[in-house]
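Pasted the sequence and its predicted model underneath.
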Amino acid sequence: MSCGHAVTPMSLTDHCRRLLDDEKQCRFVCGLPKCDAEWSFEEVRKMALLTPEEVKEFEDKRFRNAAKQHLGIRECPGCKSRVMRTDLSDLSVRCTVCTARKKTLYKFCWQCLREWKSPALRTDSCDNEGCQSSLETLKTCGDVVFNSVMDVRGDPLKCPSIRACPTCGMLVVHDGAKCKNIGCTQCKVEFCFVCLKTTEECLELNKESWFRVCSTGVAPRQTSIPVRQIR
């Protein structure tokens, strides 16, 4: 492996499946004494000789574990218990623990993690000061210039400096350095910052697009936040 340790394909598969099933992890780490090196999924797939069925199994489990860790659970600001949001279109979340303790309905804002103040369903922000909508950030952010990526005229390419990951909706910033592809730290999916397709999809359309404008051009500023459903 990249960390220097030797494993058989079978033992590697068993180890990674245990990480996914028993420890509910979304990352693959060595785990041998004094080694906490992280392996990429591509490395695991190659070295474990995973079948197409196993690849799909591992990908599905990685996403479900990541979703439970990062996408669908927040800590209630009132009682610190973990709460899952069921209605992805509503920023107000009911905490059953606080509601029972206070003997009155208690909601908090999924975005700013403060007690809910708005009177009705909201998808952008609540009435707490400083609760800025992610959409507002996407709308008002400045542009970034990719000096290494050329447009059709041969000039440096320009696009919004902040994008919502097309897979999970996390806001991602690009400083314009190097190529236009970037990996989301939350869902681990790599996508093109310019056309908002996954890197794989972008390259399928034009295999020379690493440092060229995408076949579909620059995607406009986003007007909605993508949400990846938790299954």
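Looks like it came in fine.

How much space separates the nearest residue to residue 79 once chain neighbours are set aside from residue 25?
Closest residue to residue 79 apart from its sequence neighbours, by Cβ to Cβ, 6 or more residues apart in numbering: residue 97 at 4.7 Å. Glycine gets a C-beta too; all of them are placed from N, C-alpha and C. As judged by Cβ to Cβ, to the nearest Å, residue 97 and residue 25 stand 27 Å apart.

Repeat that for residue 208.
37 Å.

of those two, who's got more company?
Taking other Cβ atoms under 10 Å, residue 208 and residue 25 do not tie; residue 25 has more neighbours (17 against 7).

by contact count, what packs against the longest helix along the chain?
Across the chain, the longest stretch assigned as helix under DSSP state H is helix 52-66. Here helix 52-66 touches helix 9-21, helix 41-47, going by 3 or more Cβ pairs under 8 Å, 6 or more residues apart in numbering; DSSP states H and E.

For that helix, list every residue counted as buried.
For helix 52-66, a neighbour-count test (16 or more other Cβ atoms under 10 Å) marks 58, 61, 62, 63, 64, 65, 66 as buried.

and those residues as JSON lines, adding distance to residue 168?
Shown next, in JSON lines, are the buried residues of helix 52-66 (distance: Cβ to Cβ, whole Å):
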{"residue": "58", "distance to residue 168": "18"}
{"residue": "61", "distance to residue 168": "16"}
{"residue": "62", "distance to residue 168": "13"}
{"residue": "63", "distance to residue 168": "9"}
{"residue": "64", "distance to residue 168": "13"}
{"residue": "65", "distance to residue 168": "13"}
{"residue": "66", "distance to residue 168": "8"}
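
Turn the residues you listed into TSV, columns for distance to residue 154 and pLDDT.
Output for the buried residues of helix 52-66, formatted as TSV (distance: Cβ to Cβ, whole Å; pLDDT from 0 to 100):
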residue	distance to residue 154	pLDDT
58	42	92
61	45	86
62	40	83
63	40	73
64	45	73
65	45	76
66	40	69
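
Closest one of those residues to residue 216?
residue 63 (25.5 Å; Cβ to Cβ).

quick one: the closest residue to that closest one other than its chain neighbours from residue 65, how far?
Once flanking residues are discounted, residue 63 sits nearest to residue 187: 7.1 Å by Cβ to Cβ, 6+ apart. Per Cβ to Cβ, residue 187 is found 11 Å from residue 65.

picking that back up, tilt between the longest helix of the chain and helix 9-21?
30 degrees (axes from the mean of the first three to the mean of the last three Cα atoms, to 10 degrees).

would you list every one of the strands in this structure?
28-29, 38-39, 73-75, 82-84, 92-94, 107-109, 143-150, 156-160, 162-164, 171-173, 181-183, 190-192 (DSSP state E).

how does the protein divide into domains?
For the chain, the domain assignment from the TED database gives the residue ranges 9-71, 73-130, 136-205.

so which of the ones you listed gets nearest residue 217?
Per Cβ to Cβ, nearest to residue 217 of the domains of the chain: domain 136-205, 6.9 Å.

can you give me the offset of that closest one from its chain's centre?
Distance, stretch centre to chain centre, for domain 136-205: 14 Å (Cα atoms, centre = their mean, to the nearest Å).
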